[in-house]
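Engineer: got a structure for you, letters missing:
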């Protein structure tokens, strides 16, 4: 009676079956994908490390060695990368000196350095991220709705045409002329200095885009002034000054002329 022969499996057979199973379920890609993720994490870690170096030199004096804040500078924990991109990208930070209002000035860092600073600050705590171009692009926005929203929420400080205005205690609302759409979006998102913030839960992304489109239209010079001479578009300040100097001055001149031509004046 012949013995049945038992065929032994090749030692690599189980590995081949496993590879086929991984390929069928997408697991083969998942097995190699962590390499790409590790590379991205390494790049982010490098950006954070470089940002920390820049922070130590240009920011730590006022904001503390770990962003915890000091008497001369607020805490940066939780402000997010959007706040850094706005403040540093408009030249407001690093500030020349403390004051009621930190004005915009020439930018001190390159965009790559700003991104590194933003990465480091973002690592300190969760906060608003730098918006994408799709978020702040005014393409397809409703300009009329943007104008209504701006007049309701922003014109009290920035003027109806975005020319800016004075506030109390040496503060002021800066002009919005020449400000990039990204920085306008970031300002609404983070509420820099005296400005309230408008997160997406309060003002949806679409409304922000509408406001940006409105400001772009007003800033373009294409919108005519239906009221004639706009006096810089600064509103009651310039109009009141014009009224006092020229209006009241004209009334005084007329009064003097009338007094000089009365009967009593002619007899004397």
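Structural biologist: That came through, no problem. Note that the structure is predicted; figures quoted are calculated from it, not measured. Residues are numbered from 1 along each chain as shown.

Engineer: which residue ranges form the strands in the stretch 51-200 of the chain?
Structural biologist: 165-166, 172-173 (DSSP state E, counting those that start in this stretch).

Engineer: Check the gap between the nearest residue in space to residue 88 that is not next to it in sequence and residue 121 for me.
Structural biologist: Residue nearest to residue 88 in three dimensions, not counting chain neighbours: residue 114, with 5.0 Å by CB to CB, 6 or more residues apart in numbering. C-betas here are computed from N, CA, C, even on glycine. According to CB to CB, to the nearest Å, residue 114 and residue 121 sit 11 Å apart.

Engineer: who has more neighbours, these two?
Structural biologist: Neighbours per residue, other CB atoms under 10 Å: of residue 114 and residue 121, the larger number sits with residue 121, 29 against 23.

Engineer: residues contacting that one?
Structural biologist: Going by CB atoms under 8 Å, 6 or more residues apart in numbering, residue 121 touches 51, 55, 67, 76, 79-81, 83-84, 127.

Engineer: could those go into a markdown table alongside neighbour count and distance to residue 94?
Structural biologist: Shown next, in a markdown table, are the contacts of residue 121 (neighbours: other CB atoms under 10 Å; distance: CB to CB, whole Å):
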| residue | neighbour count | distance to residue 94 |
| --- | --- | --- |
| 51 | 24 | 14 |
| 55 | 22 | 10 |
| 67 | 22 | 14 |
| 76 | 26 | 13 |
| 79 | 23 | 15 |
| 80 | 21 | 18 |
| 81 | 24 | 17 |
| 83 | 25 | 14 |
| 84 | 28 | 12 |
| 127 | 18 | 19 |
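
Engineer: Now do the contacts for the residue nearest to residue 88.
Structural biologist: Residue 114 sits next to 84-85, 88-89 when contact means CB under 8 Å, 6+ apart.

Engineer: Between those residues, which sits nearest residue 61?
Structural biologist: Nearest to residue 61 among those, counting by CB to CB, is residue 88 at 15.2 Å.

Engineer: Sketch out the helices for the stretch 151-268 of the chain, chain order is fine.
Structural biologist: Taking DSSP state H, counting those that start in this stretch as the criterion, the stretch 151-268 of the chain carries its helices at 155-158, 181-190, 205-219, 236-242, 249-260, 263-267.

Engineer: and the fifth one, average pLDDT?
Structural biologist: Which is helix 249-260. Helix 249-260 comes out with an average pLDDT of 87.

Engineer: what's the answer for stretch 201-208, then?
Structural biologist: What stretch 201-208 shows for mean pLDDT is 95.

Engineer: Next, the buried residues of that stretch.
Structural biologist: 203, 207-208 (16 or more other CB atoms under 10 Å).

Engineer: Mind putting these into TSV with distance to residue 173?
Structural biologist: Converted to TSV, those look like this (distance: CB to CB, whole Å):
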residue	distance to residue 173
203	17
207	19
208	18
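
Engineer: so which of these comes closest to residue 184?
Structural biologist: Taking CB to CB as the measure, residue 184 sits nearest to residue 208 out of the buried residues of stretch 201-208, at 8.2 Å.

Engineer: these two touch, right, the closest one and residue 187?
Structural biologist: No - using CB atoms under 8 Å, residue 208 is not in contact with residue 187, being 10.0 Å away.

Engineer: Kindly check the end-to-end length of stretch 167-178 for me.
Structural biologist: The straight-line separation of the ends of stretch 167-178 (CA to CA, to the nearest Å) is 21 Å.

Engineer: swap in stretch 118-129?
Structural biologist: Length of stretch 118-129, first residue to last, CA to CA: 9 Å.

Engineer: what about it, average pLDDT?
Structural biologist: pLDDT averaged over stretch 118-129 gives 95.

Engineer: who wins for most neighbours among the contacts of residue 114?
Structural biologist: residue 84 (28 neighbours).

Engineer: What's the separation between the residue lying closest to it once chain neighbours are set aside and residue 247?
Structural biologist: Leaving out its chain neighbours, the residue that sits closest to residue 84 by CB to CB, 6+ apart is residue 118, at 4.1 Å. Residue 118 sits 51 Å away from residue 247, taking CB to CB as the criterion.
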